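In: fold the following for me, if possible:
(one chain, ligands or ions: 1)
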Amino acid sequence: MKDSGVDGRILELFRTGDGVVSGAALSRLLGLSRTAVWKHVKGLRANGYQIEAVPAKGYRLLSAPKILTELDISAGLATSRIGSSVICLKETESTNAVAFRMAEEGAPEGTVVIADAQTAGKGRLGRVWLSPAGVNLYCSVLLRPSISPMAACQLTFLSVVAVARAIESCTALKPQIKWPNDILIDGKKVAGLLNEMNAETEKVNFVVLGIGVNLNVRLADLGETLRHPASSLLEEGGVEVDRAAFTRRLLTELDQLYDTFLREGEGPVRAEWLERSAIRGRSVRVSQGAREFTGVVQGVDSFGALLVLLADGTLETVLSGDVALI
Ligand code: BTN
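Out: Down below sits the predicted model:
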């Protein structure tokens with residue numbers, strides 16, 4: 001039997017039963033061991049089902065995942081550009097891939113693609129972004145700024161700062177930014193950004209800002225494939241985050257920041273990025289494939305490159321790679 005079939009039957013048993021279903025009943029009715037039943041319950045939880053373990057009694061389904069809808073996001077969204085069109089999908093390979101294809105077909109600036117789950121969520125440097133259903137935010141925003149391809153990396157400042165602001169506004173947590181595009185709480189990664197662009201030599205055709213935020217995923221469900229110590233806002237703050245409210249806040253912040261960017265350039269947004277940065281003035285180890293070096297972070301240049309002062313006094317401009325605090 002396929003896993004989804006077992007999961008479906010477990011949910012059916014929850015719904016037809018009255019309240020608590022015992023582990024013994026589940027294992028008998030499904031023809032599975034108690035351990036196998038537990039694994040399926042864990043899998044369902046990872047997909048957004050809140051299932052309570054009632055001591056000495058069994059399991060109780062508290063709530064099913066709530067899928068975000070266009071209406072959830074658009075209702076009351078007072079933005080000028082971002083969210084001009086909102087598309088919510090139940091599942092897709094990657095919202096960035098969907099937004100990219102839509103952009104090639106002429107979708108307007110401000111189009112937002114959101115998925116409840118991603119089957120092939122893309123992380124930086126070809127990595128995978130774990131995207132279980134019902135718990136987090138996976139979102140891509142299409143921009144069509146009239147800027148040069150060089151300047152497009154400045155847009156990373158926008159999405160990082162927007163996520164930091166949204167976290168501050170929706171939780172009591174203090175987010176920190178880690179170059180180039182990570183958001184940390186207490187040293188643990190809770191969000192990642194991946195921008196992809198289509199450009200000619202002189203001009204950008206469009207940019208897709210990919211935003212992944214671990215809102216309500218449980219640590220145990222994050223798996224062991226992550227490079228950084230990872231966490232979620234629920235794990236760090238102990239309070240479940242309303243996904244629709246968080247998304248609306250994020251899009252509102254992004255809209256304001258994009259407006260500032262178009263009117264005044266990257267300066268103000270970069271200043272806020274620097275203020276919130278967790279690594280300014282800190283000693284770091286930079287890894288760029290086989291090359292590794294250490295130094296002290298001086299800041300970022302106007303194109304988003306990290307400026308690292310080496311022990312011999314050289315100022316290194318880091319365009320890509322991984323940075324770890326020493
Ligand atoms: C990283 O830190 O490695 C970047 C992660 C970016 C993940 C987001 S989730 C929404 C969008 N769609 C993707 O496939 N990736 C980005």
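In: distance of Gln288 from Leu325?
Out: Distance of Gln288 to Leu325, computed by CB to CB, to the nearest Å: 17 Å. All C-beta atoms are positioned from the backbone trio N, CA, C, and that covers glycine.
In: nope, Pro145 is what I was after
Out: 33 Å.
In: more crowded one of the two?
Out: Each of Pro145 and Leu325 has its neighbours counted (other CB atoms under 10 Å); Pro145 has more, 17 against 12.
In: the more buried one: what's it in contact with?
Out: Applying CB atoms under 8 Å, 6 or more residues apart in numbering to Pro145 gives the contacts Ala152, Leu155, Val204, Val207, Phe261, Leu262.
In: Ala245 too?
Out: Cys170.
In: would you pull up the residue in the chain closest to the ligand?
Out: Closest to the ligand within the chain is Gly192: 2.1 Å, counting by CB to the nearest ligand atom.
In: ok so that residue is a strand residue?
Out: Yes: Gly192 forms part of a strand when assessed by DSSP: H, G, I helix; E, B strand; the rest coil.
In: my read: Trp38 touches Ser27, true?
Out: No: Trp38 is beyond contact range of Ser27, at 9.3 Å (criterion: CB atoms under 8 Å).
In: which residues of the stretch 151-300 of the chain fall in helices?
Out: 155-170, 233-237, 243-264, 267-276 (DSSP state H, counting those that start in this stretch).
In: could you export those as TSV, including distance to the ligand?
Out: What follows is the helices of the stretch 151-300 of the chain, written out as TSV (distance: least, CB to the nearest ligand atom, whole Å):
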stretch	distance to the ligand
helix 155-170	10
helix 233-237	15
helix 243-264	12
helix 267-276	16
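In: identify, out of the ones you listed, the most deeply packed stretch.
Out: helix 155-170 (a mean of 24; mean count of other CB atoms under 10 Å).
In: tell me the helices and strands packed up against that one.
Out: strand 176-178, strand 182-185, strand 188-199, strand 204-213, helix 243-264, helix 267-276 (3 or more CB pairs under 8 Å, 6 or more residues apart in numbering; DSSP states H and E).
In: distance to Val6 and mean pLDDT added to these, as JSON lines?
Out: Shown next, in JSON lines, are the helices and strands packed on helix 155-170 (distance: least, CB to CB, whole Å; pLDDT from 0 to 100):
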{"stretch": "strand 176-178", "distance to Val6": "40", "mean pLDDT": "90"}
{"stretch": "strand 182-185", "distance to Val6": "35", "mean pLDDT": "93"}
{"stretch": "strand 188-199", "distance to Val6": "31", "mean pLDDT": "94"}
{"stretch": "strand 204-213", "distance to Val6": "28", "mean pLDDT": "97"}
{"stretch": "helix 243-264", "distance to Val6": "27", "mean pLDDT": "96"}
{"stretch": "helix 267-276", "distance to Val6": "45", "mean pLDDT": "91"}
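In: among those, which is nearest Val135?
Out: helix 243-264 (8.1 Å; CB to CB).
In: need the CA coordinates for that closest one. PDB is fine.
Out: Provided in PDB are the C-alpha atoms of helix 243-264 (Å, rounded to 0.1, in the frame of the first residue of the first chain):
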ATOM      1  CA  ARG A 243       0.300  32.100   7.900                       C
ATOM      2  CA  ALA A 244      -2.000  34.400   6.000                       C
ATOM      3  CA  ALA A 245      -1.400  37.300   8.400                       C
ATOM      4  CA  PHE A 246       2.400  36.800   8.100                       C
ATOM      5  CA  THR A 247       2.200  36.600   4.300                       C
ATOM      6  CA  ARG A 248       0.200  39.800   4.100                       C
ATOM      7  CA  ARG A 249       2.600  41.600   6.400                       C
ATOM      8  CA  LEU A 250       5.600  40.400   4.300                       C
ATOM      9  CA  LEU A 251       4.100  41.500   1.000                       C
ATOM     10  CA  THR A 252       3.200  44.900   2.500                       C
ATOM     11  CA  GLU A 253       6.800  45.400   3.800                       C
ATOM     12  CA  LEU A 254       8.200  44.300   0.400                       C
ATOM     13  CA  ASP A 255       5.900  46.700  -1.400                       C
ATOM     14  CA  GLN A 256       7.200  49.600   0.800                       C
ATOM     15  CA  LEU A 257      10.800  48.600   0.400                       C
ATOM     16  CA  TYR A 258      10.500  48.200  -3.400                       C
ATOM     17  CA  ASP A 259       8.900  51.600  -3.600                       C
ATOM     18  CA  THR A 260      11.800  53.100  -1.700                       C
ATOM     19  CA  PHE A 261      14.300  51.200  -3.900                       C
ATOM     20  CA  LEU A 262      12.700  52.600  -7.100                       C
ATOM     21  CA  ARG A 263      12.500  56.200  -5.700                       C
ATOM     22  CA  GLU A 264      15.900  56.400  -3.800                       C
END
